[in-house]
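A.B. asks: Build me a model:
(chains A, B, C and D)
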There are 2 protein chains.
Amino acid sequence: MAKDRKIDLVILGLLSHEDLTGYDIKKRIDGAINFFWKGSFGSIYPSLTAMEGSGLVQRLKDDSCGGREKIRYHITKKGIEALRNWLKDEQVCNDLKYETLLKLYFGGAEDRNITLRNIDIFEEKVKADLEVLYVYKSSLEKELDNEDHLYYYLTVTFGIDTYEAYLKWCAKARKLLKR
Amino acid sequence: MAKDRKIDLVILGLLSHEDLTGYDIKKRIDGAINFFWKGSFGSIYPSLTAMEGSGLVQRLKDDSCGGREKIRYHITKKGIEALRNWLKDEQVCNDLKYETLLKLYFGGAEDRNITLRNIDIFEEKVKADLEVLYVYKSSLEKELDNEDHLYYYLTVTFGIDTYEAYLKWCAKARKLLKR
DNA sequence: AAAACGATATATCAAAATGATACATAGAGG
DNA sequence: CCTCTATGTATCATTTTGATATATCGTTTT
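C.D. replies: Here you go, the predicted model:
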C-alpha cells in the first residue's frame, strides 16, 4: 500500500507556522484541532522520524541549556511543497465514527430508557463543547483581518453550527421517543 | 491494552436481528450504517473468528448446496449480553476526522481559491449524501410504529439535520472568504 | 458454446493509528 | 525534602484500514 500517513499533513501544517517539538505538536492537536482531528504520540514521533528521513522536516540543534533533551523540528521547502500539494488534492476523506449513533441504531436490543439516557449523555457533551467553541469564536472574531485567524474562525463556526444542529435534534428525538 | 474492538459491537448489533455471513455484514455496514461507522473485511473476519472463540457468536452449519463455502454466524446469549452491556455503558467515543476542516484550518499555506474550491467539493458530497438520506427518511417514516424503524429513522434525521447545517455553513463561509 | 465480467465469499498482509506505558527531568508547593 | 504536575521522547500490543489473493457463481457478450 502506498504511503498515506495523514498525521504527516497535520504536523506539516503546524510546522508551517512555527518550529515545534513532538510534545508541542501533541499539545496543538489536543487544542482547537481536537474538534476535527486526533493524534497520539504513537503516531507523531514515528511520523517526525520518517519525515526527517524523506527530507520534509529537519531536526534543529538542541537549544535547551539544561540536560533535558528536546528536539525541535523545522519544515523544509520540500515539506511546504507536500503540504500545498495536499491542499490542492481534491480527494478528501471525512471519516466519522459516531458511537452515539451506533448505539441509537441498535437501541432496539435494550429498553427505550437506555436510548434516552444515551441521548442525554451526548447532549451534555455537546453543550460542554459548545461553551468552549463560543469562547474561541468571540476571541477570534476580533481579528478576522488576519488571514490565519479567518481560517481558524471558519472551523470554529463549523463546529458551532453543527453542534447547535445536534442540540435541536436531541430535543426532537427525545420528543419522538417519549410519545 | 484491554480488549476494545469496536467492530465487535457493530457485528453483534447486526447479528441480533438476523444470522449473517462476513460478506453480508460488510454489505450492511456499507449501507445506511456507513454514514456513521465504517468497517473493512480486514477487521470483520478476524472479529468473527475471535468472537466465536469467546462464545459471543456461533458458526452455523453450511446450508449452501453448491461447492462455494459460506459461513453464517448466529449470536449467542452471551453475545446478546455483551451487546446490551455496551448499550448501557455510559462511556462513548465519537471519533470524527474531517479532512475538510483540516485543510480549511491550514488554508493559509495556499491561495484562497484553493480553500473555496475545497468548500465546493465538500458541499457537492454533502448534497449527494443528503439525497440518499431523504430517500431513507421518506421510506422509514411510513412505519414508525415499528420499534427498530424508529431507531433507524432517528439516525437518518440526525444525518439530515447535520448535513443541512453543513450546507448553511458552506454558504456563510463562501461569503466571508469572498469579501 | 465459450469467454468475459461482476457479484459473492473468505482470508491475509503491510501500513497506520490508538491508547497505554515506560522513563527521566524541571519546577512549584507544602 | 518530598510530592505532584508538566515537560519531553520513545516503544509496544492491539486494532483498523485498504489492498490484494483466491475461487466460485450467474449473467451477458461474442
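A.B. asks: Just say helix, strand or coil for the residue nearest in space to the middle of chain A.
C.D. replies: Among the residues of chain A, A:Trp37 comes closest to the average C-alpha position under C-alpha atoms, centre = their mean, at 2.5 Å. Assigned with DSSP: H, G, I helix; E, B strand; the rest coil, A:Trp37 falls in the coil class.
A.B. asks: Need phi/psi at it.
C.D. replies: With angles defined as degrees, to the nearest 10, A:Trp37 sits at phi -160, psi 150.
A.B. asks: Where do the helices of chain A begin and end?
C.D. replies: For chain A, the helices defined by DSSP state H cover A:6-15, A:22-29, A:41-53, A:77-88, A:99-105, A:112-140, A:147-178.
A.B. asks: Show me what the shortest one packs onto, helices and strands only.
C.D. replies: For helix A:99-105, the contact count by 3 or more C-beta pairs under 8 Å, 6 or more residues apart in numbering or on different chains; DSSP states H and E identifies helix A:112-140, helix B:6-15, strand B:94-98, helix B:147-178 as packing neighbours. Bear in mind the C-beta positions are built from the backbone N, C-alpha and C, glycine included.
A.B. asks: Make JSON lines out of the helices of chain A and add mean pLDDT, mean neighbour count and distance to DNA strand C.
C.D. replies: Shown next, in JSON lines, are those (pLDDT from 0 to 100; neighbours: other C-beta atoms under 10 Å in any protein chain shown; distance: least, C-beta to the nearest atom of the strand, whole Å):
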{"stretch": "helix A:6-15", "mean pLDDT": "98", "mean neighbour count": "22", "distance to DNA strand C": "4"}
{"stretch": "helix A:22-29", "mean pLDDT": "97", "mean neighbour count": "17", "distance to DNA strand C": "9"}
{"stretch": "helix A:41-53", "mean pLDDT": "97", "mean neighbour count": "16", "distance to DNA strand C": "2"}
{"stretch": "helix A:77-88", "mean pLDDT": "98", "mean neighbour count": "17", "distance to DNA strand C": "12"}
{"stretch": "helix A:99-105", "mean pLDDT": "98", "mean neighbour count": "23", "distance to DNA strand C": "10"}
{"stretch": "helix A:112-140", "mean pLDDT": "97", "mean neighbour count": "15", "distance to DNA strand C": "15"}
{"stretch": "helix A:147-178", "mean pLDDT": "98", "mean neighbour count": "18", "distance to DNA strand C": "18"}
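A.B. asks: Now render the ones you listed as JSON lines, adding distance to B:Ser16.
C.D. replies: Shown next, in JSON lines, are those (distance: least, C-beta to C-beta, whole Å):
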{"stretch": "helix A:6-15", "distance to B:Ser16": "34"}
{"stretch": "helix A:22-29", "distance to B:Ser16": "37"}
{"stretch": "helix A:41-53", "distance to B:Ser16": "34"}
{"stretch": "helix A:77-88", "distance to B:Ser16": "41"}
{"stretch": "helix A:99-105", "distance to B:Ser16": "11"}
{"stretch": "helix A:112-140", "distance to B:Ser16": "14"}
{"stretch": "helix A:147-178", "distance to B:Ser16": "19"}
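A.B. asks: coming back round to it: please name whichever of the helices and strands packed on helix A:99-105 is nearest to DNA strand D.
C.D. replies: DNA strand D lies closest, by C-beta to the nearest atom of the strand, to one member of these: helix B:6-15, at 3.6 Å.
A.B. asks: For the residue nearest to A:Leu116 when sequence neighbours are not counted, give me its contacts.
C.D. replies: Of all residues not flanking A:Leu116 in the chain, A:Leu177 sits nearest, at 5.8 Å (C-beta to C-beta, 6 or more residues apart in numbering or on different chains). Taking C-beta atoms under 8 Å, 6 or more residues apart in numbering or on different chains, we find A:Leu177 in contact with A:Arg112, A:Thr115, A:Leu116, A:Ile119, B:Leu150, B:Leu154.
A.B. asks: sorry, back to before: including distance to A:Ile160, could the helices and strands packed on helix A:99-105 go into TSV?
C.D. replies: Shown next, in TSV, are the helices and strands packed on helix A:99-105 (distance: least, C-beta to C-beta, whole Å):
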stretch	distance to A:Ile160
helix A:112-140	5
helix B:6-15	28
strand B:94-98	14
helix B:147-178	9
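A.B. asks: so which of these gets nearest B:Gly42?
C.D. replies: helix B:6-15 (9.9 Å; C-beta to C-beta).
A.B. asks: Could you save the helices and strands packed on helix A:99-105 as CSV and add columns showing distance to DNA strand D?
C.D. replies: Below are the helices and strands packed on helix A:99-105 laid out as CSV (distance: least, C-beta to the nearest atom of the strand, whole Å):
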stretch, distance to DNA strand D
helix A:112-140, 17
helix B:6-15, 4
strand B:94-98, 10
helix B:147-178, 18
